[in-house]
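> kindly return the folded structure for what I paste below:
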Amino acid sequence: MGRNVLFSLNAVVLGTLAACNADTGERDERQAPLGMSPGPVAGADGGDEMDTVAHAPGSTGSAPIGGGQPMNAPLPAGDNPRESMAAHTPDNDGACGMIEITPTVEFSPGSLLVIFDRSISMSEPFDATSGTSRLDNAKQAITTALTPLACEDTSIEPDSTPCADTISVSLLTFPTYDGATGLNEFDLSCHVDDLATSEQIDWLGVTEFVDAFEPFWAGRTLVDGGDRYPGQHPLVFGTPISVAFAQADRALADPDVVGNKAVLFLTDGQETGFCQGGADPVAQARSWSQQGVDTHVVSLAPGTGFGQFFNDGVAQAGGTGAAINPQGSAQLTEEISKIVHDARGEITCRIEIDDAKLTDPQQACEEGEVFVQSSKVPCDQDNRSEGFFVQDDTVIEIVGSYCKLLEETMALRAMFPCAVLAPQ
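Here you go, the predicted structure:
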């Protein structure tokens, strides 16, 4: 199963290193414009110079400062300094110049696991005014929430803008029919097929999932065999939530399921029967929450009784507060749409340093200066939620709103003291 990033914007820009003196460690934060050779940088005795040279495309020279272009002279026509500057690290004299850095903005698709109750009670009316079942309302709400994220059919709209899936979705229904039990209320099913079987929908990009969702239900019709629910339908007697959560845990542990993960649990009741091999749903939801996976619970039954108490417990353990108990189809669709929106994915902004490395991540974060467009990005080495931090000796990451700003502008500037720089 392939899980690719949505898009990757790569642009070579320059991080301007502060000039510093090897003996004193003092920093001079004057910067040369991109593509220009910096002018002299006077030291304490007026004799120190910044000896880094910026080469134009095709240039192989290393003339000292003063022998190159004047400070404000434009580059020759056709030259692009964003793709031509050489990377320089501190030399024997301790002088720092320009290093080449490459910002890469990636969007990792989110992963939403839908745990879907298909017990026989899901055939009950959704609410007092509804002429359709809980099952049909839930199916329609999921389709409506996911369809706007799907790519356009290029066979129908050949000139449509290319896109990639912002979220991957899987469907784990419970119970599934084991061929022997679950077709009457006296013989409850504890069976839940593995996500990889044909009885479920394994991880798919949202476009493929939307295409597969309705045919999946149309292909699962069972004969009830009783007078209470005559005809054909995809529902089974039994509500083995514990077994479903055990299967869900295995599905989330798939190494190909990366990035932002979330669980949507749709049910109209609580555990029935005494099924073996399951997991305590509350404990399992708490475990997922500790791993950064939220569990959203949508209750399709009246919001009273032990069933609602059980659903609230799962939601609270899963980090999302009380269970959602929508009143009517419109609110059901709205709530599921919010969950889908939050589960979509996350932007990652990585800054790779070429031909140099940062020897002290904490000092580099505290004493370095990073600007996105004209906004100074704060150091956030500890929380890693809003600002920049040093991932390792050659990678800086920008997170939060500053990453979003970088995605929009791709304008980046960075300065670090010589003390934390070394050649690779």
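
> neighbours of Ser337, how many?
Other residues near Ser337 number 17, with proximity taken as other Cβ atoms under 10 Å. The way it works is simple: take the backbone N, C-alpha and C, and place the C-beta from them, glycine included.

> from Ala315, how far off is the closest residue to it other than its chain neighbours?
Leaving aside its sequence neighbours, Ser337 sits nearest to Ala145 (Cβ to Cβ, 6 or more residues apart in numbering; 4.2 Å). Distance, Ala145 to Ala315, using Cβ to Cβ, to the nearest Å: 18 Å.

> please parse this structure into its domains.
11-105+351-422, 107-345 (automatic domain parsing).

> I'd like those domains as JSON lines, with mean pLDDT appended.
Below are these laid out as JSON lines (pLDDT from 0 to 100):
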{"stretch": "domain 11-105+351-422", "mean pLDDT": "59"}
{"stretch": "domain 107-345", "mean pLDDT": "88"}
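
> SS state for the nearest residue to Phe174 once chain neighbours are set aside?
Spatial nearest neighbour of Phe174, chain neighbours left out: Ala244 (3.7 Å); criterion: Cβ to Cβ, 6+ apart. For Ala244, the assignment made with DSSP: H, G, I helix; E, B strand; the rest coil gives helix.

> quick one: Ala244 and Asp193 touch, right?
No. Applying Cβ atoms under 8 Å as the test, Ala244 and Asp193 come out as separate, 10.1 Å apart.

> out of these two, name the residue with the larger neighbour count.
With neighbours defined as other Cβ under 10 Å, Ala244 and Asp193 compare such that Ala244 has more, 27 against 17.

> for Arg220, which residues are in contact?
Contacts for Arg220 (Cβ atoms under 8 Å, 6 or more residues apart in numbering) come out as Glu199, Pro234.

> angles on the backbone of the closest residue to Arg384 other than its chain neighbours, please.
Leaving aside its chain neighbours, Arg384 sits nearest to Val399 (6.0 Å; criterion: Cβ to Cβ, 6+ apart). Backbone geometry at Val399, expressed as degrees, to the nearest 10, gives phi -130, psi 160.

> equivalent analysis for the one 3 residues further on, please.
Phi and psi for Tyr402, reported as degrees, to the nearest 10, are phi -70, psi -30.

> circling back to that earlier point, how close does the residue nearest to Phe174 get to Ser198?
For Ala244, the distance to Ser198 equals 17 Å [Cβ to Cβ].

> once you drop chain neighbours, what's closest to Cys275?
Spatial nearest neighbour of Cys275, chain neighbours left out: Cys190 (3.6 Å); criterion: Cβ to Cβ, 6+ apart.

> and the one you found, how many neighbours?
Cys190: 21 surrounding residues under other Cβ under 10 Å.

> now do the contacts for it.
Pro175, Thr181, Gly238, Pro240, Val243, Gly273, Cys275, Gln276, Gly277, Gly278 are the contacts of Cys190 under Cβ under 8 Å, 6+ apart.

> surely the first one meets Ser242?
Spelled out, it's Pro175. No. In this structure, Pro175 is not within contact of Ser242 by Cβ under 8 Å, at 11.2 Å.

> for Phe371, pull up the helix or strand it's in.
If you go by DSSP states H and E, Phe371 is part of strand 369-372.

> packing partners for that strand?
Helices and strands touching strand 369-372, as assessed by 3 or more Cβ pairs under 8 Å, 6 or more residues apart in numbering; DSSP states H and E, comprise strand 375-377, strand 395-399, helix 401-409, strand 412-415.

> how about the strand or helix carrying Val114: buried residues?
In this assignment (DSSP H and E), Val114 forms part of strand 98-117. Using 16 or more other Cβ atoms under 10 Å as the test for burial, strand 98-117 gives 98-101, 103-117.

> before we move on, what about stretch 278-288?
With burial defined by 16+ other Cβ under 10 Å, the residues of stretch 278-288 counted as buried are Gly278, Ala279, Asp280, Pro281, Val282, Gln284, Ala285, Arg286, Ser287, Trp288.

> ok, residues contacting that stretch?
190, 240-246, 248-249, 252, 263, 271, 294-295, 310, 313-315, 317-319.

> distance from it to the middle of the chain?
Centroid displacement of stretch 278-288 relative to its chain, using Cα atoms, centre = their mean, to the nearest Å, is 23 Å.

> CA atoms only for it, dumped as CSV, please.
C-alpha atoms of stretch 278-288 as CSV (Å, rounded to 0.1, in the frame of the first residue of the first chain):
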residue,chain,number,x,y,z
GLY,A,278,-11.7,-8.4,22.5
ALA,A,279,-10.2,-5.2,24.1
ASP,A,280,-11.7,-3.0,26.7
PRO,A,281,-13.0,-0.1,24.4
VAL,A,282,-12.4,2.6,27.1
ALA,A,283,-8.8,1.4,27.8
GLN,A,284,-8.1,1.0,24.1
ALA,A,285,-9.3,4.5,23.3
ARG,A,286,-7.1,5.9,26.2
SER,A,287,-4.1,4.0,24.8
TRP,A,288,-4.7,5.5,21.3
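
> okay, strands next: where are they in the stretch 101-250 of the chain?
167-174, 201-205, 222-223, 232-233 (DSSP state E, counting those that start in this stretch).

> just give me the neighbour total for the closest residue to Pro125 other than its chain neighbours.
In space, Pro125 comes closest to Ser133 once its chain neighbours are excluded; the distance is 6.5 Å by Cβ to Cβ, 6+ apart. As a burial measure, Ser133 scores 19 neighbours (other Cβ under 10 Å).

> from memory Glu271 sits against Ser242, does it?
Yes. If you go by Cβ under 8 Å, Glu271 and Ser242 touch, sitting 5.9 Å apart.
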